[in-house]
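**Q** Got a predicted model here, sequence first, then my questions.
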Amino acid sequence: MSTPATAPPPPASLKRIVAASLIGTTIEWYDFFLYGSAAALVFNKLFFPDSDPLVGTLLSFLTYAVGFAARPLGALVFGHYGDRLGRKKLLVLSLLLMGGATFAIGLLPTHASIGTAAPVLLTVLRLVQGFALGGEWGGAVLLVSEHGDARRRGFWASWPQTGAPAGQLLATGVLSLLTAVLSDAAFGSWGWRIPFLLSGVLVIVGLWIRLSVDESPVFKQALAQAEARKAERAGDAEKLPLVAVLRHHWRDVLVAMGARMAENISYYVITAFILVYATTSAGVSKQTALNAVLIASAVHFAVIPAWGALSDRIGRRPVYLMGAVGVGLWMFPFFSLIDTGGFGNLILAVTVGLVLHGAMYAPQAAFFSEMFATRMRYSGASIGAQFASVAAGAPAPLIATALLSDYGSSTPIALYVIAAAVLTVVAVAAAKETRHRDLADVAPPADAEAATTSTTGARTV
């Protein structure tokens, strides 16, 4: 007897799928975060040299934010084709696009060589990065969620989420090593290019692993069912995944967007803006700030699966709410600890912030996956997650830097993150608990109604 399409794969197969998603997301987040760290440390001098230092940093973060602006477009395109063609094909493409753009940044001439064309080219490559990452996240978490054991979905689906701190850890670690062994002049001249060029090697490794995994069995089953329905309803046009999402799941999209506000804003304030704040306001060296983020990212990586496992026991919403409330409460102590200038206090501030962030980020993969029907899940999860990034993560370092420039105080920045936490608490509190949902059975309301009425002989609308 053949194994049902929805049966969980053996543990070795599931672990291979988790590893493929984790390594792929680690590489993509490495590329994305590397840009953010470089924007805070050197891009203001290399690509905007005629500006005041803080203004140059603002302009540098503006190109950083452009990457977020492209993420919704990536979510729409990759979500559409991911729901039509499958998760695996689109994940391979996203990895190629992200790695190619990052490698090209490492070869990019600076303002001193080609003038204003340098920041223009930098912005274009940042757009490609954002487009690729907008399609990456949804496919990576769905590939694991749709393969995994339903009882431990929160745990297994949280592993691709660890790609974010792993990528941050790798990017910060490489930059920290280079700034430790190179002089400021050497790092600013050519050393900054090394981590970007390293992306080419990482992409080859990621592709080799990603090509070795199978397509999601839940997606293959849903595709077969869709083809059967299409044959039965010859002449009826199949709705685009985006149209179906907006028709059946618009409330879930809004919940996902609201849920991402505190998660996204707090993360980029804690990991990207801190490199500006600690060095300009607290008198901390670049090396010290990078080392603090490095240590905290290692802890962040370790706690995400634990939060994911807890969400399997008590639910996605309670864990998410703990993180949102915790981040909001931590903001004033966070900046107070940094202001002391002590390395230990800096580590404590960032580590506690990222542990609380992990309580939101860990259950997010399973939570968002469980909201949407299979044939619109890639689109729905990606749209909800990436459209929020435009209003949340994209301007977060920019807004924080502008607030610091205008007020010379961390208080407005703390209030900014607290306001985001309030929005997230409202959104998650309004959501339904999803941890008991079977991903193979989640269907849009119209399909569920049609299935019910057809079995009773009633007229199907």
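**A** Thanks, I have the structure now.

**Q** Give me the residue at the spatial middle of this structure.
**A** W137 (5.9 Å; C-alpha atoms, centre = their mean).

**Q** ok, the spatially closest residue to that one that is not a sequence neighbour to R377 distance?
**A** Nearest residue to W137, sequence neighbours excluded (C-beta to C-beta, 6 or more residues apart in numbering): A385, at 5.9 Å. The C-beta positions use only the backbone N, C-alpha and C, and glycine is treated the same way. Here A385 is placed at a distance of 12 Å from R377 (C-beta to C-beta, to the nearest Å).

**Q** between these two, who's got more neighbours?
**A** Higher neighbour count among A385 and R377: R377, with 32 against 26, using other C-beta atoms under 10 Å.

**Q** picking up where we left off before, check the secondary structure at the residue nearest to the centre of the chain for me.
**A** What DSSP: H, G, I helix; E, B strand; the rest coil gives for W137 is helix.

**Q** Quickly list what's touching both of A385 and R377.
**A** Shared contacts of A385 and R377 (C-beta atoms under 8 Å, 6 or more residues apart in numbering): G138.

**Q** Point out where the stretch 251-400 of the chain drops to low pLDDT.
**A** Within the stretch 251-400 of the chain, no stretch falls below the threshold (pLDDT under 70).

**Q** again, only using 80
**A** 286, 374-376, 393-394 (pLDDT under 80).

**Q** repeat for the stretch 1-150 of the chain
**A** 1-16, 24, 28, 31-33, 36-37, 39-45, 48-69, 82-88, 137-138, 146-150.

**Q** now that we're looking at the residue nearest to W137, how far away is G82 from it?
**A** 13 Å.

**Q** Overlap of the contact sets of the two?
**A** Common contacts of A385 and G82, defined by C-beta under 8 Å, 6+ apart, comprise G138.

**Q** isn't the residue nearest to W137 right next to A75, touching?
**A** Yes - applying C-beta atoms under 8 Å, one finds A385 in contact with A75, separated by 7.1 Å.

**Q** Need the residues touching each of these two.
**A** G138.

**Q** What residues of stretch 413-431 count as buried?
**A** Neighbour-count burial for stretch 413-431, counted by 16 or more other C-beta atoms under 10 Å, picks out 413-414, 416-418, 420-421, 423-425, 427-428, 431.

**Q** Including pLDDT, could the residues you listed go into JSON lines?
**A** Shown next, in JSON lines, are those (pLDDT from 0 to 100):
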{"residue": "I413", "pLDDT": "96"}
{"residue": "A414", "pLDDT": "96"}
{"residue": "Y416", "pLDDT": "96"}
{"residue": "V417", "pLDDT": "97"}
{"residue": "I418", "pLDDT": "97"}
{"residue": "A420", "pLDDT": "96"}
{"residue": "A421", "pLDDT": "97"}
{"residue": "L423", "pLDDT": "96"}
{"residue": "T424", "pLDDT": "97"}
{"residue": "V425", "pLDDT": "97"}
{"residue": "A427", "pLDDT": "96"}
{"residue": "V428", "pLDDT": "96"}
{"residue": "A431", "pLDDT": "92"}
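
**Q** Out of those residues, which comes closest to K220?
**A** A431 (28.7 Å; C-beta to C-beta).

**Q** and the closest residue to that closest one other than its chain neighbours, how many neighbours does it have?
**A** With sequence-adjacent residues excluded and distances taken as C-beta to C-beta, 6+ apart, A431 is closest to V255, at 4.5 Å. Neighbour count of V255, defined by other C-beta under 10 Å: 22.

**Q** same thing with the one 10 residues further on?
**A** As a burial measure, the neighbour count of I265 was computed by other C-beta under 10 Å and equals 30.

**Q** Surely it and A396 touch.
**A** Yes - with contact defined as C-beta under 8 Å, I265 counts as touching A396 (4.6 Å).

**Q** Helices of the stretch 51-200 of the chain, start to end?
**A** Here the stretch 51-200 of the chain has its helices, by DSSP state H, counting those that start in this stretch, at 53-85, 87-106, 111-114, 117-145, 153-161, 163-181, 184-186, 193-210.

**Q** got the contact list for the third one?
**A** For helix 111-114, the external contacting residues (C-beta under 8 Å, 6+ apart) are 46-49, 118-119.

**Q** Show me just the buried residues among these.
**A** Here, 16+ other C-beta under 10 Å leaves 46-48, 118-119 buried among these.

**Q** Closest one of the residues you listed to G344?
**A** Ranked by distance to G344 (C-beta to C-beta), the buried ones among the contacts of helix 111-114 are led by L46 at 32.6 Å.

**Q** Find the nearest non-adjacent residue to the closest one, please.
**A** Leaving aside its sequence neighbours, L46 sits nearest to T110 (C-beta to C-beta, 6+ apart; 4.5 Å).

**Q** One more: F335?
**A** Excluding the flanking residues, the one nearest F335 by C-beta to C-beta, 6+ apart is S410, at 3.7 Å.

**Q** any idea how far A282 lies from S369?
**A** The separation that A282 has from S369, given C-beta to C-beta, amounts to 40 Å.

**Q** so T25 is in which element?
**A** helix 11-38 (DSSP states H and E).

**Q** Quick check: phi and psi on S410?
**A** phi -90, psi -10 (degrees, to the nearest 10).

**Q** before we move on, what about F372?
**A** phi -120, psi 150.

**Q** Surely it is in contact with G380?
**A** Yes - under the criterion of C-beta under 8 Å, F372 makes contact with G380 at 3.6 Å.

**Q** list the residues that contact both of these two?
**A** Each of 245, 249, 252 lies in contact with both F372 and G380 under the rule C-beta under 8 Å, 6+ apart.

**Q** Tally up the residues packed near the last one, please.
**A** For D252, the count of nearby residues is 21 (other C-beta under 10 Å).

**Q** mind listing what's buried in the host helix or strand of it?
**A** Element membership for D252 (DSSP H and E) is helix 250-268. Within helix 250-268, the residues scored as buried using 16+ other C-beta under 10 Å are 252-268.

**Q** next structured bit after that helix?
**A** Following helix 250-268 in sequence, per DSSP H and E, is helix 274-280.

**Q** tell me what that following helix is packed against?
**A** Applying 3 or more C-beta pairs under 8 Å, 6 or more residues apart in numbering; DSSP states H and E, one finds that helix 274-280 makes contact with helix 286-314, helix 316-339, helix 396-407.

**Q** Using neighbour counts, pick out the buried residues of that helix.
**A** Neighbour-count burial for helix 274-280 [16+ other C-beta under 10 Å]: 274-279.

**Q** Rebuild those residues as CSV, extending it with distance to I338.
**A** Output for these, formatted as CSV (distance: C-beta to C-beta, whole Å):
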residue, distance to I338
I274, 7
L275, 11
V276, 11
Y277, 7
A278, 6
T279, 11
